[in-house]
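*Asks:* Quick one, what's the 3D model for this:
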Amino acid sequence: MQRNFLWSGVGEGKRDHLVSWDVVCIPKAKGGLGLGRISLRNSALLGKWLWRFPREGSALWRHVILSIYGLHSNGWDANTVVRWSHRCPWKAIAQVSQEFFKFTRFVVGDGERIRFWEDLWWGDQPLGVRYPRLLSAVTDKNIPISSILGSTRPFSWNFNFRRNLSDSEIEDLESLMRSLDRLHLSPSGPDMRSWSLSPSRLFTVKSFFLTLSQIHGLPSDFPTRIVWNSQVPFKVKSFVWLVAHKKVNTNDMLQLRRPYKALSPDICMMCMKHGETVDHLFLHCPLTMGLWHKLFQLAKTDWVPPRSIFDMLSTNFNGFGSSKRGVVLWQAACIALIWVVWRERNVRIF
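*Replies:* Next comes the predicted model:
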């Protein structure tokens, strides 16, 4: 419904969906429109319950969940494996846990709750993963930090191995002890869980939602500034956004989408020499190139035509200076050129 409204409006008939809905949903800074998928917003909101569960020990809702599903072996969370009715609320929350726990780690306080080997609290992976040979030699893999190190320095180093260590395991143990020599415990404070996506280390729905919304493979340098921060009408901004994505209905695109409506052959109506693509129409066409040269001459700036219109929009030429006024004028001039070329092209066709 959202997608149909975006491209067709109200009562305007069916229109082409020019840009993938996955791209539309990502943040503007990444090249989308920032609409966001409703399913991902729901997942981000469900993640908040996973964050609140270990922090609200006396809350009634936590006791209800705990009595039904039981406590996880890590001592922090409720069990996330739910085998009951598909309508139970905790099952929907548990389905978010795999993504949620990717961005959590523990901050050591008194060391009473954090598991020394299994939890992520030191470095970029659990110590049991970094030192698997030592993990295989311990008697209790769920032992807390305080039981091994004690509560104050010097550390007690009570690893409680079930057998004598081999030479290679002794080397691992020495490496581990050297690494932990920089650790400082806080006996007066409890262990805490932190959120890696927020500067405050506290969970926010927004940070989780933005991370879930990211799509790999998209250009990281989308020209957000010139597209959305320019002082031009919103209709023109939206058009330039389509140009940056190369999703304007030029003849080559119409040949693919609706060949019965496209010009055949797909020749550029501006120069009548080459096929019409987004890069050709707005940059490489001799008539358009002449306009770009004229603009740079007015700005008294040398330039080399880039390979694509995306590169053109992404490059910071500072044609009218680096002041705020100069930047605004340059952005408006570039966008006006693109808009005028499109209008002229349509006049010649229709």
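
*Asks:* Show me the helices in the stretch 101-250 of the chain, by range?
*Replies:* Listed in chain order, the helices found in the stretch 101-250 of the chain under DSSP state H, counting those that start in this stretch are 127-130, 132-135, 145-149, 167-180, 205-213, 224-228, 234-244.

*Asks:* With respect to burial, which of these scores highest?
*Replies:* Between the helices of the stretch 101-250 of the chain, helix 145-149 has the highest mean count of neighbours, a mean of 21, where neighbours are mean count of other C-beta atoms under 10 Å. For glycine as for every other residue, the C-beta is placed from the backbone atoms N, C-alpha and C.

*Asks:* residues near residue 324, how many?
*Replies:* 8 (other C-beta atoms under 10 Å).

*Asks:* no wait, residue 52
*Replies:* Other residues near residue 52 number 13, with proximity taken as other C-beta under 10 Å.

*Asks:* In the stretch 151-300 of the chain, what residue spans correspond to strands?
*Replies:* Chain-ordered strands for the stretch 151-300 of the chain, with DSSP state E, counting those that start in this stretch as the definition, fall at 192-195.

*Asks:* Kindly report the domain assignment for the protein.
*Replies:* Structurally, the chain divides into domains by automatic domain parsing as follows: 2-102+202-220, 104-195, 221-349.

*Asks:* ok, back up a step: could you dump the helices of the stretch 101-250 of the chain into TSV and include distance to residue 268 and mean pLDDT?
*Replies:* Listed next are these as TSV, based on distance: least, C-beta to C-beta, whole Å; pLDDT from 0 to 100:
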stretch	distance to residue 268	mean pLDDT
helix 127-130	58	93
helix 132-135	63	94
helix 145-149	69	88
helix 167-180	64	92
helix 205-213	37	90
helix 224-228	24	91
helix 234-244	15	95
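
*Asks:* Of all these, which one comes closest to residue 41?
*Replies:* The closest approach between residue 41 and any of the helices of the stretch 101-250 of the chain, judged by C-beta to C-beta, belongs to helix 205-213 at 5.8 Å.

*Asks:* next one: the closest one to chain centre, how far?
*Replies:* 7 Å (C-alpha atoms, centre = their mean, to the nearest Å).

*Asks:* Now do that helix: which elements does it pack against?
*Replies:* In this structure, helix 205-213 packs against helix 38-52, with contacts taken as 3 or more C-beta pairs under 8 Å, 6 or more residues apart in numbering; DSSP states H and E.

*Asks:* Can you name the element that comes right after the helix it packs on?
*Replies:* Moving toward the C-terminus from helix 38-52, the first helix or strand encountered (DSSP states H and E) is helix 60-69.

*Asks:* what's the angle between that following helix and helix 38-52?
*Replies:* With axes from the mean of the first three to the mean of the last three C-alpha atoms, to 10 degrees applied, the angle from helix 60-69 to helix 38-52 works out at 90 degrees.

*Asks:* Contacts only, for residue 137.
*Replies:* Taking C-beta atoms under 8 Å, 6 or more residues apart in numbering as the criterion, residue 137 is in contact with 161, 162, 163, 165, 169.

*Asks:* Residue 304 versus the closest residue to residue 251 other than its chain neighbours, what's the distance?
*Replies:* On the basis of C-beta to C-beta, 6 or more residues apart in numbering, the spatially nearest residue to residue 251 that is not a chain neighbour turns out to be residue 266, at 3.5 Å. Summarising the geometry, the distance separating residue 266 from residue 304, computed by C-beta to C-beta, to the nearest Å, is 28 Å.

*Asks:* The helices of the stretch 101-250 of the chain: which one's closest to residue 106?
*Replies:* Each of the helices of the stretch 101-250 of the chain has some distance to residue 106 by C-beta to C-beta; the shortest is helix 145-149, at 9.2 Å.

*Asks:* With distance to residue 330 added, can I get the helices of the stretch 101-250 of the chain in JSON lines?
*Replies:* Supplementary listing: the helices of the stretch 101-250 of the chain in JSON lines, determined by distance: least, C-beta to C-beta, whole Å:
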{"stretch": "helix 127-130", "distance to residue 330": "52"}
{"stretch": "helix 132-135", "distance to residue 330": "57"}
{"stretch": "helix 145-149", "distance to residue 330": "57"}
{"stretch": "helix 167-180", "distance to residue 330": "52"}
{"stretch": "helix 205-213", "distance to residue 330": "30"}
{"stretch": "helix 224-228", "distance to residue 330": "9"}
{"stretch": "helix 234-244", "distance to residue 330": "14"}
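
*Asks:* List the contacts of the spatially closest residue to residue 230 that is not a sequence neighbour.
*Replies:* Counting by C-beta to C-beta, 6+ apart, the nearest residue to residue 230 once its immediate chain neighbours are dropped is residue 331, at 4.1 Å. Contact analysis of residue 331 by C-beta under 8 Å, 6+ apart lists 225, 226, 229, 230, 231, 232.

*Asks:* Tell me the one among these nearest to residue 256.
*Replies:* Distance ranking of those against residue 256, using C-beta to C-beta, places residue 226 first at 27.4 Å.

*Asks:* for the closest one, what are its contacts?
*Replies:* Residue 226 makes contact with 240, 313, 331, 334, 335 under the criterion C-beta under 8 Å, 6+ apart.
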